[in-house]
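Chemist: The sequence and its predicted three-dimensional model are supplied below.
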Protein chains: 4
Amino acid sequence: MSDFHYESSRTGLFLVDPYNDFLSDGGKLWPMVKDVADEVSLLDHLRSIVLAARGASIKVFFVPHRRWEVGDYEDWDHPNPSQRWVQERQVFAKGTWGGEWHPDFMPQADDIVVKEHWAQSGFANTDLDFQLKQHGVTHVVAVGMLANSCIESTMELGYHVTLVRDATAAFSQEHMHAAHDLNGPTFAHAILTTRELLAALPPTVG
Amino acid sequence: MSDFHYESSRTGLFLVDPYNDFLSDGGKLWPMVKDVADEVSLLDHLRSIVLAARGASIKVFFVPHRRWEVGDYEDWDHPNPSQRWVQERQVFAKGTWGGEWHPDFMPQADDIVVKEHWAQSGFANTDLDFQLKQHGVTHVVAVGMLANSCIESTMELGYHVTLVRDATAAFSQEHMHAAHDLNGPTFAHAILTTRELLAALPPTVG
Amino acid sequence: MSDFHYESSRTGLFLVDPYNDFLSDGGKLWPMVKDVADEVSLLDHLRSIVLAARGASIKVFFVPHRRWEVGDYEDWDHPNPSQRWVQERQVFAKGTWGGEWHPDFMPQADDIVVKEHWAQSGFANTDLDFQLKQHGVTHVVAVGMLANSCIESTMELGYHVTLVRDATAAFSQEHMHAAHDLNGPTFAHAILTTRELLAALPPTVG
Amino acid sequence: MSDFHYESSRTGLFLVDPYNDFLSDGGKLWPMVKDVADEVSLLDHLRSIVLAARGASIKVFFVPHRRWEVGDYEDWDHPNPSQRWVQERQVFAKGTWGGEWHPDFMPQADDIVVKEHWAQSGFANTDLDFQLKQHGVTHVVAVGMLANSCIESTMELGYHVTLVRDATAAFSQEHMHAAHDLNGPTFAHAILTTRELLAALPPTVG
């Protein structure tokens, strides 16, 4: 990958589920991902990548899971296990701190906040694909949560996909391994470290 | 799962990529999946399940990967690693034995042969979702190849999904573990053995 | 159509864009649709249909256009003419009366409010298809605004579609004619009057 | 539109349903569209546009309706009126002359033949969107059959859309009027004559 460089005008950064419940001390899911997140220096890497992307005029897309609301899933024919799990714990509950963005990852004026997704793919049932087209994006770099679910499924629609090994986390290192060494290589066009990604992004403008 | 039963009129069986290249001695991919396939008795289980499904009047959907043709991927902006791999090896090549159905898994008159898919999901860029609706299917049972790719991505569209541990294979047992124990549990509504599935299908009619 | 009856459990009512800007005196678009709306008794018919649907336990889906917000469309590569038109007039502006539901058509506890759509189809870039599946709906009855745009495009996904001639409106009778006599007959499974629809719905329960 | 020019690398030409059944003397649908087709000089215009597009290195996409086969639609829950109509007449029947391309519109080596569509949109249930992305196309020019159906629905996915008034036909001039003067203006970014389009295409290379 040493000779690959991302073009600002064609590249989009997906920031997946940067909610307090996932990324902040006190969040409902934080205890389950903290070990892996700390080990890869997740928060530092996310901050560096977002800063570099903004500096290079790369569009940032917030790709958020559905914020739980009263009634969600209750009359569904067949919510899946993740959805039942979210329902029981009221994860990312709307109007609560857990469903707010982590304070270091707040949308800025030029960012795109995509519609919330119900399952694991940020594309399914949202305007993500449409927004990428309206902004000329063909290459996506996906960071955030979780390595083995939300991010893995963003590949079927014809985009160039980059995963970043140490800018995501999971419930265990075994999940990380499955995402980056077993499944990722079948669909991702690049699987980089944060350091490698930063080297391949255009320099900060101005 | 002991008390769950599939309703014939709402259930569809996905038979994913039952090509000679995948399932037959002499196929281009068979050497890479043979160990796992033999270990789980893949072919016997596929035969039992297809027989039971037909007997119970459950609709069978053939979900095939793109058969390679001359020119495929050549002028694409960014084929992914699996696509480049298929391109180099001319896997499932149209008009060759490897791109034909395994002789035990030939479409019958009432089966649906879905359009070929380019990536890993049988839904993306095909008429699978549309055909399921026109046939009233809300619950899908996915068997065939590969555990960790084609099958994993068939979940985002609102269907009830069943995986069958020993009616699929992969390049290694580690891939099987990732599919059925790490990722499957997040999206699949049921993960069964062939024996458990057969017990939950309606009995053969007439 | 005299012998066709809708089954409550399989039917969904789409209420398309019931905003004040479209349906209320003082709304930004009301002057442009008022003549046709009055001529077909639009509001009375919408009220009757919604009442009958709720009475018959038919699920009601609110299918709303994007509410305009500051910044919308500004950095898009190519908004279409309707989108530019909406942008200039700030139609359905978020946080304003025009972007609120008409008081006679407020979502009730059991209704589904689908994600807002950017273009003309309520399906594109939203969770409408997904919600229909989770609620077992295969037959949709579409009412609301506008006859010739939002409603015409809801057909490609495999649903049974009913249009209601006098429960929609348009900028002119010529647009109504195009929707119901030229284009509708190519894709809609039924094109009824409100009276015919009411006769084909299940009776009010309890 | 006089100052708009199409860029070869971003533009795709959709040639919709150029079957003998639609465009050739003796075709099953030709008698129904002949009057309008002759009046607008359809075939001459299609030939000019395809020639100019190829000369300018604009990618040509064949966007074909499903070729009828034995069994089609028979066990569907609810084929729509167009589909029943096609079924009765066996329109574009596979293996027959009517389902072959008109001899002046045969795919060339570099063209893309998209998967066949079941309904009216060339995007629904096909790989058209995916192919456009893999070829970097953001602007589409749609010509062929029919003005009021197949072409009207190709707009929801975020592309820049051009219609060509006299490079399509319909069952009547009233249908043409609806397509180009009532509905087209709401979603199409440009509605041109063949002459205007040819002036806006890049010159033939070499």
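Modeler: Arrived safely. Numbering: from 1, shown residues only, chains lettered A, B, ... in the order given.
Chemist: contacts and neighbour counts: CA atoms only from here.
Modeler: Will do.
Chemist: Surely A:Leu192 is in contact with A:Val164?
Modeler: Yes: the pair A:Leu192 / A:Val164 is scored as a contact, 4.9 Å apart, by CA atoms under 8 Å.
Chemist: Neighbour count for those two, which is higher?
Modeler: A:Val164 (23 against 19; other CA atoms under 10 Å in any protein chain shown).
Chemist: any bit of the strand or helix carrying the more buried one sitting next to chain D?
Modeler: Here A:Val164, judged by DSSP states H and E, is contained in strand A:160-168. No: in terms of CA under 8 Å from any CA of the partner chain, no part of strand A:160-168 sits within range of chain D; the closest distance is 9.4 Å.
Chemist: ok, that strand: who's next to it in the sheet?
Modeler: With DSSP bridges as the test, strand A:160-168 is paired with strand A:139-144 (parallel), strand A:190-192 (parallel).
Chemist: Going toward the C-terminus from it, what's the next helix or strand?
Modeler: Later in the chain than strand A:160-168, the nearest helix or strand by DSSP H and E is helix A:173-177.
Chemist: wait, A:Gln8 sits on A:Gly55?
Modeler: Actually, residue A:8 is Ser rather than Gln. No: under the criterion of CA under 8 Å, A:Ser8 is not in contact with A:Gly55, lying 10.0 Å apart.
Chemist: more neighbours, the two?
Modeler: Between A:Ser8 and A:Gly55, counted using other CA under 10 Å, the more crowded position is A:Ser8 (19 against 16).
Chemist: so how far is chain B from A:Leu197?
Modeler: 18 Å (CA to the nearest CA, to the nearest Å).
Chemist: what does A:Gln83 give?
Modeler: In this view, A:Gln83 and chain B are 8 Å apart by CA to the nearest CA.
Chemist: And that residue, its phi and psi?
Modeler: phi -70, psi -40 (degrees, to the nearest 10).
Chemist: wait, isn't it in contact with A:His117?
Modeler: No: here A:Gln83 lies out of contact with A:His117, judged by CA under 8 Å, at a distance of 11.3 Å.
Chemist: sorry, back to before: and the strand holding A:Val164, how far out from the chain's middle?
Modeler: 9 Å (CA atoms, centre = their mean, to the nearest Å).
Chemist: That strand: which residues count as buried?
Modeler: The neighbour-count check on strand A:160-168 (16 or more other CA atoms under 10 Å in any protein chain shown) flags A:His160, A:Val161, A:Thr162, A:Leu163, A:Val164, A:Arg165, A:Asp166, A:Ala167, A:Thr168 as buried.
Chemist: Of all pairs in these, which one spans the longest distance?
Modeler: With CA to CA as the measure, no two of the buried residues of strand A:160-168 lie farther apart than A:His160 and A:Asp166, at 19.2 Å.
Chemist: and the helix or strand bottoming out on mean pLDDT in chain A, what other elements does it pack with?
Modeler: Of all helical and strand segments in chain A, the minimum by mean pLDDT, DSSP states H and E falls on helix A:184-187, at a mean of 86. With contacts defined as 3 or more CA pairs under 8 Å, 6 or more residues apart in numbering or on different chains; DSSP states H and E, helix A:184-187 has these neighbours: helix B:81-89.
Chemist: Direction included, what does whatever helix or strand comes next after the helix it packs on pair against?
Modeler: With elements assigned by DSSP H and E, the helix or strand that comes after helix B:81-89 is strand B:112-113. Looking at strand B:112-113 with DSSP bridges, its partner strands are strand B:59-63 (parallel).
Chemist: residues in contact with the strand it pairs with?
Modeler: Strand B:59-63 is contacted by residues B:8, B:11-17, B:50, B:53-54, B:107, B:110-117, B:122, B:128 when judged by CA atoms under 8 Å, 6 or more residues apart in numbering or on different chains.
Chemist: Of the residues you listed, keep whichever come out buried.
Modeler: Neighbour counting over the contacts of strand B:59-63 (16+ other CA under 10 Å) leaves B:8, B:11-17, B:50, B:53-54, B:112-117, B:122, B:128 as the buried ones.
Chemist: Tell me which of those fall in strands.
Modeler: Using DSSP state E, the subset of the buried ones among the contacts of strand B:59-63 located in strands is B:Thr11, B:Gly12, B:Leu13, B:Phe14, B:Leu15, B:Val16, B:Ile112, B:Val113.
Chemist: Contacts only, for the third one.
Modeler: Right, the one you point to is B:Leu13. Contacts for B:Leu13 were tallied using CA under 8 Å, 6+ apart; they are B:Val50, B:Ala53, B:Ile58, B:Lys59, B:Val60, B:Phe61, B:Val140, B:Val141, B:Ala142, B:Val143.
Chemist: So A:Val16 is in contact with A:Val141, correct?
Modeler: No: counting by CA under 8 Å, A:Val16 does not reach A:Val141; the two are 10.5 Å apart.
Chemist: returning to that earlier point: between strand A:11-16 and the strand holding A:Val164, find me the angle.
Modeler: With axes from the mean of the first three to the mean of the last three CA atoms, to 10 degrees applied, the angle from strand A:160-168 to strand A:11-16 works out at 40 degrees.
Chemist: If we only consider the ones in strands among the buried ones among the contacts of strand B:59-63, which is nearest to chain C?
Modeler: Nearest to chain C out of those is B:Thr11 (CA to the nearest CA; 13.5 Å).
Chemist: my guess is that closest one meets B:His139, correct?
Modeler: Yes: taking CA under 8 Å as the definition, B:Thr11 is a contact partner of B:His139 at 4.7 Å.
Chemist: Run through chain A and note the low-pLDDT ranges.
Modeler: A:1-3, A:148-156, A:206 (pLDDT under 70).
Chemist: Close to chain B: what parts of it are there?
Modeler: Residues of chain A found near chain B (CA under 8 Å from any CA) are A:78, A:80-82, A:119-121, A:124, A:148-149, A:153, A:156-157, A:159-160, A:175, A:178, A:182-183, A:185-189.
Chemist: what's the nearest residue to the residue sitting furthest away from the middle of chain A if we skip its chain neighbours?
Modeler: Most distant from the centre of chain A: A:Asp75, at 28.4 Å, with distances by CA atoms, centre = their mean. With CA to CA, 6 or more residues apart in numbering or on different chains as the criterion, A:Asp75 has its nearest non-adjacent residue at 7.4 Å, and that residue is C:His135.
Chemist: Can you tell me how far the one you found is from C:Arg10?
Modeler: 8 Å (CA to CA, to the nearest Å).
Chemist: Give me the more crowded residue out of the two.
Modeler: C:His135 (19 against 16).
Chemist: who's in contact with the more buried one?
Modeler: C:His135 makes contacts with A:Asp75, A:Trp76, A:Asp77, as judged by CA under 8 Å, 6+ apart.
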